[in-house]
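1. just to be clear, the model below is a prediction. Sequence and coordinates:
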Amino acid sequence: MWINGEWVYAEDGQTRSIINPCNQEVISVVAEGNRTDAQNAIKAARKAFDEGEWPRLPAPERGEKLRRIASLIREEKHEFARLETLNTGKTLAESEADMDDIASVFDYYAGLADKDGGEMLHSPLKNSESKVVREPVGVCGMITPWNYPLLQASWKLAPALAAGCTMVLKPSEITPLTTLKLAGLLEKAGIPKGVVNIVTGPGETVGAELSESADVDLISFTGGIETGWKIMKAASRNMKKIALELGGKNPNIIFADSDFETAVDYALNAVFFHAGQVCSAGARLLIEEKWHDRFVKAVVERAKRIRLGSGLNPDTQMGPLISAEHRDKVEKYIAIGIREGAKLLTGGKRPDGPEFARGFFIEPTIFDHCTSDMRIVKEETFGPILTVETFQTEEEAISLANDTIYGLAGAVWTQDMNRAERVSRALRMGTVWINDYHPYFPQAPWGGYKQSGIGRELGKTGLEEYTEQKHVYKNLQPQPLRWFG
Ligand SMILES: NC(=O)c1ccc[n+]([C@@H]2O[C@H](COP(=O)([O-])OP(=O)(O)OC[C@H]3O[C@@H](n4cnc5c(N)ncnc54)[C@H](O)[C@@H]3O)[C@@H](O)[C@H]2O)c1
Ligand SMILES: C[N+](C)(C)CC=O
């Protein structure tokens with residue numbers, strides 16, 4: 001673990017083997033931290049915030065260091081990408097795209113670090129001056145998931161560093177490798193000791209300590225909804241600020257005037273990218289009824305041809321699920337779908353062949369005749385499962401799409417741009433794509449409506465999350481009030 005600028009073992013010497021989900025080989029052994037390790041890291045971050053130079057450094061200098069981090073990541077992009085693929089199973093092309101995004105995020109916040117110098121207000125009082133300044137929020141706890149390990153970490157680290165915060169980051173216990181590798185680069189880039197601390201270990205101990213600690217001013221969490229509920233409750237103990245990026249059950253709405261080939265192609269990409277282990281996966285296909293048979297047939301034919309395998313093999317299009325435990329969960333959902341009466345059109349099982357024997361693979365799976373009261377439609381399966389529902393009118397499409405506790409993302413496909421606008425306005429989601437699926441970039445805010453979360457990452461808002469606003473009022477001619485005679 002990386003605490004106060006030093007590599008340390010867990011206080012009690014515990015370790016955890018990190019495995020490749022493609023073949024269960026042990027790829028590394030890391031320290032398994034506990035509450036004491038988390039407390040040590042919080043202490044280091046607290047000291048760095050209360051007494052250290054980072055929060056007091058001129059913002060342009062912080063920006064320069066962030067730019068340096070971006071360029072160091074680019075220099076080691078291939079090593080980072082290979083490590084991410086080994087640990088998560090995602091294809092190398094996906095990991096490389098993640099690394100590009102990560103470097104861009106550091107660059108973006110490097111540029112933004114010195115842009116908000118505060119604001120002068122029109123004071124309503126005579127002989128006075130009134131201004132608003134932004135200050136770093138303090139010590140931040142950060143908890144990240146396994147599906148986009150370094151990318152989700154960077155969406156928190158970069159704005160928090162730009163704002164002048166100090167932090168303790170807990171990566172997912174099963175995919176900590178690229179986040180740990182980043183620690184070395186932070187040191188090279190000149191981030192002072194204690195500013196970024198990385199503690200590996202379970203959520204129930206390390207994560208809970210970060211959420212509960214009175215010395216942590218903000219907790220930023222990306223992960224599942226159930227953990228989000230727990231963190232929100234724990235954070236209430238000292239009323240720390242919270243930013244939650246949770247799951248989604250995202251509709252991909254296709255009207256029958258869309259470009260057929262493109263919409264089919266994107267319907268596959270929306271859900272089967274990273275084996276469906278994406279918060280914004282387009283796992284609900286809402287298709288206009290008159291296109292249903294032709295469209296679904298085309299999607300099924302192409303899903304059957306998706307090449308599964310190791311992410312390191314350039315021919316692979318879809319890797320394994322992250323763990324045996326997660327594959328069990330996805331298989332339970334497949335069984336639930338069948339029991340609920342959805343029609344299994346393809347997949348629904350582990351692929352045959354010795355090359356898949358030790359990996360956690362599941363075939364691309366498509367269920368037809370689904371309804372929005374089914375659990376496979378309502379709940380986030382987080383696997384390669386596509387459910388198909390049909391609609392006849394625009395109103396029905398909107399109503400089905402919004403019939404969910406989530407509100408992370410969704411897409412609408414049509415060549416009628418007025419309709420596209422109307423639908424995008426009606427969708428209660430943090431991101432709506434029109435004739436596309438999946439793009440995200442540092443300039444645009446990311447986050448969810450409803451139970452998909454609280455707050456936004458990326459964009460200007462992503463930086464503001466790590467600041468407090470302070471109103472400073474100056475009386476230019478102080479004189480006795482004589483209120484009390
Ligand atoms: N909205 C987004 O941007 C976004 C991005 C990526 C993933 N996700 C969501 O993440 C989920 C998948 O990731 P996961 O399975 O790693 O999620 P998870 O909630 O199981 O774990 C996420 C992190 O929380 C930690 N954790 C677990 N219990 C905790 C506790 N009691 N207190 C504090 N921390 C605890 C884990 O150790 C891990 O580091 C999906 O629901 C997905 O939609 C959302
Ligand atoms: C936020 N995103 C899309 C990069 C990853 C979601 O799991």
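-> Received it, and whenever you're ready, just let me know what you need. What you see is a predicted model, and the numbers here were worked out from it, not measured in a lab. Numbers count the residues shown, from 1 in each chain. Ligands and ions are numbered 1, 2, ... in the order given.
2. shaky segments in the protein?
-> The chain contains no residues with pLDDT under 70.
3. what residues does it put near ligand 2?
-> 147-148, 151, 278-280, 440, 446 (C-beta under 6 Å from any ligand atom). For the C-beta atoms, the positions are set from N, CA and C on the backbone; glycine is no exception.
4. what subset of these is buried?
-> 147-148, 151, 278-280, 440, 446 (16 or more other C-beta atoms under 10 Å).
5. what's the closest non-adjacent residue to the residue in the chain positioned nearest to ligand 2?
-> Closest to ligand 2 within the chain is C279: 3.4 Å, counting by C-beta to the nearest ligand atom. Spatial nearest neighbour of C279, excluding adjacent residues (C-beta to C-beta, 6 or more residues apart in numbering): G248 at 5.1 Å.
6. spell out which residues of this protein are next to ligand 1.
-> By the rule C-beta under 6 Å from any ligand atom, the part of the chain lying against ligand 1 is 143-148, 152, 170, 172-173, 202-204, 207-208, 211, 222-224, 227, 230-231, 245-248, 279, 380, 382, 408, 448, 453.
7. emit the ChimeraX select command for whichever of these are buried.
-> Selection of buried members from the residues of the chain next to ligand 1 for ChimeraX, criterion 16+ other C-beta under 10 Å:
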select :143,144,145,146,147,148,152,170,172,173,203,207,208,211,222,223,227,230,231,245,246,247,248,279,380,382,408,448,453
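8. how is this protein divided into domains?
-> 2-246+452-472, 251-434 (the TED database).
9. before we move on, back to that, now the residues of the chain next to ligand 2 in JSON lines, with secondary structure?
-> As requested, the residues of the chain next to ligand 2 are arranged in JSON lines below (DSSP: H, G, I helix; E, B strand; the rest coil):
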{"residue": "N147", "secondary structure": "coil"}
{"residue": "Y148", "secondary structure": "coil"}
{"residue": "L151", "secondary structure": "helix"}
{"residue": "V278", "secondary structure": "coil"}
{"residue": "C279", "secondary structure": "coil"}
{"residue": "S280", "secondary structure": "coil"}
{"residue": "Y440", "secondary structure": "coil"}
{"residue": "W446", "secondary structure": "strand"}
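10. measure the residue in the stretch 251-400 of the chain positioned nearest to ligand 1 to G447 for me?
-> Closest approach between the stretch 251-400 of the chain and ligand 1, counting by C-beta to the nearest ligand atom: C279, at 3.2 Å. Distance of C279 to G447, computed by C-beta to C-beta, to the nearest Å: 10 Å.
11. also A208?
-> 23 Å.
12. which residues in the stretch 51-200 of the chain form helices?
-> With DSSP state H, counting those that start in this stretch as the criterion, the stretch 51-200 of the chain has helices at 59-75, 77-88, 92-112, 149-163, 177-188.
13. export the first one as PDB, just CAs?
-> What follows is the C-alpha trace of helix 59-75 in PDB, where atoms were taken according to Å, rounded to 0.1, in the frame of the first residue of the first chain:
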ATOM      1  CA  ALA A  59      -3.300  26.500  -8.500                       C
ATOM      2  CA  PRO A  60      -1.200  26.900 -11.700                       C
ATOM      3  CA  GLU A  61       1.500  24.800 -10.100                       C
ATOM      4  CA  ARG A  62      -0.900  22.100  -9.100                       C
ATOM      5  CA  GLY A  63      -2.100  22.200 -12.800                       C
ATOM      6  CA  GLU A  64       1.500  21.700 -14.000                       C
ATOM      7  CA  LYS A  65       1.900  18.600 -11.800                       C
ATOM      8  CA  LEU A  66      -1.300  17.100 -13.200                       C
ATOM      9  CA  ARG A  67      -0.100  17.700 -16.700                       C
ATOM     10  CA  ARG A  68       3.100  15.800 -15.800                       C
ATOM     11  CA  ILE A  69       1.000  12.900 -14.500                       C
ATOM     12  CA  ALA A  70      -0.900  12.800 -17.800                       C
ATOM     13  CA  SER A  71       2.300  12.600 -19.800                       C
ATOM     14  CA  LEU A  72       3.800   9.900 -17.500                       C
ATOM     15  CA  ILE A  73       0.700   7.800 -18.000                       C
ATOM     16  CA  ARG A  74       1.000   8.200 -21.800                       C
ATOM     17  CA  GLU A  75       4.600   7.100 -21.600                       C
END
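14. got the residue ranges for the helices in the stretch 301-450 of the chain?
-> Under DSSP H, counting those that start in this stretch, the stretch 301-450 of the chain gives helices at 324-340, 375-378, 394-402, 417-426.
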